[in-house]
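> compute the structure for the input listed below.
(chains A, B and C)
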Amino acid sequence: MSVSHSEIFDGLNEAQQKAVTTTEGPLLVVAGPGTGKTLTIVRRIAWLVQKGGPPENILAVTFTNRAAREMKERTARLLGDAASGIFIGTFHLLGLRMIREQVSRAFILLNRDEQAEVLKSLMKGTSKAVQQTLERISRIKNFLEEMTNPPQPSFAKGGNVKTAGELKAVYENYQAALEQRGCLDFDDLIRLPVELLQDEAVGRNYRERFRYIIVDEYQDINPAQYRLLRLLTGTSGNLCAVGDSDQAIYSFRGADLGNFLNFEKDFPGAARVTLSQNYRSTGVILQAADGVIRKNQKRIVKQLAATREEGKPVLLISVPDERTEGAVILEEIGTRMGGMDHEGARVNSERTDGPCRFSDFAVIFRTNAQARALEEAFAASGIPFQMVGKPSSVQRKDAEETVAFLRSLLNPGGTGDQPRKTQSNAEALLLTEADFFDPRADAVALMTMHMAKGLEFRFVFIAGCEDGLVPCTIMKDGVDLEEERRLFYVGLTRAKEELFLLQARNRFLYGQSLGQKQSPFLKEIPKELKESRTVADKPKKEKPEDRQLGLF
DNA sequence: ACCATATACATTTTT
DNA sequence: TGTATATGGT
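Next comes the predicted model:
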């Protein structure tokens, strides 16, 4: 084949090499942030191909289109044509393909609004009640809830709770309606393949085809995805589970960290490789992050080792309110960008780390409600920024038009004889708003901690490091503190060079003021790693940021 | 059918 | 605080 031994192992450390070459039997790859996880997976795929097996035997699944795209591109770059036979894609794309192969090529995939429309016609109640019922149907389809279970207390507040019997009836009506219209919802893309694989012949077919399975972000799989994998793998199959217990941040949606923690019990004889060499962050950032995450109990412990310099201390900045928070962030960005000449080219960049681009900066926060103040500050400054996960109005329109067009091509009662173009385009329906984030756009990225996973930036600002927000306890009690800590950890470990943690002493959110106390997680960062700065309550008559902002 | 006003309410969300 | 839904008047 086209790829050489040295190309596969070039630049890999020992652990990465082991993760690449341990191909037979179950394998758990514990991959901390910035440890070359994707590189390792890509090289593993190359190794499997180089060993001579058909590329069709390889299945690599991820959660996001973003991750799948990256993996696909890098694999193609390394392997060329040989890469085309490998399945690299999201769980949902895999399910989609299986349904096409086994059931039908012509069906319509319903988005959330369309689901609601279908359900609305089948039940009485407010649209809120419809949403809640939809949520329960989704939980059932993902095996998070039994159909016969009594209603969860968390659903009781809407006042439109269904008994188990009522729910069952609505569920069945809903499914019948989908079937009648030739529709599937997103959950069906996993649920239905799980059902199909129960069939002995179908199961055997796919197990023989997918001899080598790689699953990225294994810590975030939910029960439905777990079942799918189990059915594809069999008991002694070659399942390579890659993930990090410390970055499990989707349990609120049914992701079950237990799958990751118990992998070795679950798959007896499993080998384990830990990738702990970190190539992303400074030593200080890694130690700070470790100081926080080590407080968690539910984890597979690993000690990240820095390969970069120690770096600057983490800067804790206390500001009077959320407006100052934005201003301080802008000021720090301005300082690092230096001035610009008339053409917009940057001048004055004598940093050893190279000149900065706007895209080297990210502002990360816990709740979307915080975005407004920051967005306003950025908009007023003229510094280019993009909200990750929220497409601009132009992008939204684009996406809507594309989806509408694609839908117009699909005939519900189709014979299954769709033109090829339509078939592959239909996969574009799996695209999500997050896929419109353009990493090459030279703009500061603003996003929630959840959206930040998998990304990295030279300079990271975490806004709203206050008790009540980090961890986020203002809305609900009984918050999973460990998950909140992981979320903060994800935020911290996005930073390559400098990390800023901002705390507003007063913050107006949801019509009330918060933020007297700083986040308890800040105390978990060893004090020798941090430096504090306080911006006084009353700024002087001329705000310092005004001068700096004027440049842009 | 429409608009104005009241009132409830609020995390995170890969597909 | 703001939004989104509910209500009440015309």
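> so A:Asn411 sits against A:Phe107, correct?
No: the criterion here is CB atoms under 8 Å, and A:Asn411 misses it with A:Phe107 at 10.7 Å. C-beta here means a position set from N, CA and C on the backbone, and glycine is covered the same way.
> please say which of those two ends up with more neighbours.
Between A:Asn411 and A:Phe107, counting by other CB atoms under 10 Å, A:Phe107 is the more crowded of the two (22 against 12).
> what sits against that one?
Residues in contact with A:Phe107, defined by CB atoms under 8 Å, 6 or more residues apart in numbering, are A:Ile99, A:Gly182, A:Cys183, A:Leu184.
> next one, pLDDT for it please.
Note for A:Phe107: predicted pLDDT of 87.
> mind checking how far it is from A:Cys183?
Counting by CB to CB, to the nearest Å, the gap from A:Phe107 to A:Cys183 is 6 Å.
> try A:Ala443
38 Å.
> next one: A:Ser138
Counting by CB to CB - A:Ser138 and A:Cys183 are separated by 15 Å.
> mind listing what the residue of the stretch 201-350 of chain A found nearest DNA strand B touches?
With CB to the nearest atom of the strand, the shortest gap between the stretch 201-350 of chain A and DNA strand B falls at A:Tyr250, namely 3.0 Å. Applying CB under 8 Å, 6+ apart to A:Tyr250 gives the contacts A:Asp220, A:His450.
> same check, this time on the one 3 residues further on
When contacts are counted by CB under 8 Å, 6+ apart, A:Arg253 is found next to A:Asn222.
> DNA strand C contacts on chain A?
For chain A, the contact set with DNA strand C under CB under 7 Å from any atom of the strand comprises A:Thr126, A:Ser127, A:Lys128, A:Phe508, A:Tyr510, A:Gly511.
> and DNA strand B, which of those residues reach it?
Restricting the residues of chain A next to DNA strand C to those touching DNA strand B (CB under 7 Å from any atom of the strand) yields A:Tyr510, A:Gly511.
> which one of the residues of chain A next to DNA strand C is nearest to A:Ala83?
For the residues of chain A next to DNA strand C, the residue nearest A:Ala83 by CB to CB is A:Ser127; the value is 45.4 Å.
> what residues does the stretch 51-200 of chain A put near DNA strand B?
So the stretch 51-200 of chain A meets DNA strand B at A:Phe63, A:Thr64, A:Asn65, A:Arg66, A:Thr90, A:His92, A:Leu93, A:Arg112, A:Lys157, A:Phe186, A:Asp187 (CB under 7 Å from any atom of the strand).
> where's A:Gln50 relative to A:Ala60, distance?
Note on A:Gln50: its distance to A:Ala60, by CB to CB, is 16 Å.
> check A:Arg494 too.
Taken as CB to CB, the span from A:Arg494 to A:Ala60 is 24 Å.
> ok, A:Gly454 to DNA strand C distance?
Computed as CB to the nearest atom of the strand, to the nearest Å, the A:Gly454 to DNA strand C distance reads 28 Å.
> give the contact list for A:Asn411.
A:Ala106 are the contacts of A:Asn411 under CB under 8 Å, 6+ apart.
> where does the stretch 101-250 of chain A have low pLDDT?
In the predicted model, the stretch 101-250 of chain A carries pLDDT under 70 at residues A:149-162, A:235-236.
> the closest residue to DNA strand C within it: neighbouring residues, count only.
Shortest the stretch 101-250 of chain A-to-DNA strand C distance, computed as CB to the nearest atom of the strand: residue-wise this is A:Thr126, at 3.3 Å. Per other CB under 10 Å, the neighbour tally for A:Thr126 reads 12.
> one more: A:Asn506?
15.
> doesn't A:Gly515 make contact with it?
Yes: A:Asn506 lies in contact with A:Gly515 (CB under 8 Å); the separation is 5.7 Å.
> excluding its backbone neighbours, what's nearest A:Gly454?
Leaving aside its chain neighbours, A:Gly454 sits nearest to A:Ala67 (6.3 Å; criterion: CB to CB, 6 or more residues apart in numbering).
> and the gap between the one you found and A:Ile462?
In terms of CB to CB, A:Ala67 sits 23 Å off from A:Ile462.
> looking at those two, which is more packed in?
Legend: neighbour count by other CB under 10 Å for A:Ala67 and A:Ile462, higher for A:Ile462 (27 against 22).
> thought that one was touching A:Gly491?
Yes: A:Ile462 is within contact range of A:Gly491, at 5.0 Å (criterion: CB under 8 Å).
> common neighbours of the two, please.
With CB under 8 Å, 6+ apart, A:Ile462 and A:Gly491 have common neighbours A:Ile364.
> got CSV for the residues of chain A next to DNA strand C, with distance to A:Leu119 too?
Formatted as CSV, those follow (distance: CB to CB, whole Å):
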residue, distance to A:Leu119
A:Thr126, 12
A:Ser127, 10
A:Lys128, 12
A:Phe508, 37
A:Tyr510, 29
A:Gly511, 32
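> mind listing which of the residues of chain A next to DNA strand C are in strands?
A:Phe508 (DSSP state E).
> most surrounded residue in the residues of chain A next to DNA strand C?
Neighbour-wise, those (other CB under 10 Å) top out at A:Phe508, 14 neighbours.
> that one: what's it in contact with?
Counting by CB under 8 Å, 6+ apart, A:Phe508 has contacts A:Asp321, A:Glu322, A:Leu514.
> between those residues, which is closest to A:Phe9?
Out of the contacts of A:Phe508, the member with the shortest distance to A:Phe9 (by CB to CB) is A:Glu322, at 49.6 Å.
> quick one: neighbours of that closest one, just the number.
Neighbourhood size, A:Glu322 [other CB under 10 Å]: 24.
> list phi and psi for it.
When read as degrees, to the nearest 10, the backbone of A:Glu322 gives phi -70, psi -20.
> tell me the pLDDT of it.
Looking at A:Glu322, its pLDDT is 93.
> next one: it from A:Glu331, what distance?
15 Å.
> now do A:Glu264
Distance from A:Glu264 to A:Glu331, by CB to CB: 49 Å.
> the helices in the stretch 151-300 of chain A, which residues?
Secondary structure of the stretch 151-300 of chain A by DSSP state H, counting those that start in this stretch: the helices cover A:164-181, A:188-198, A:200-209, A:223-233, A:258-261, A:263-266, A:283-293.
> appreciated, that's everything.
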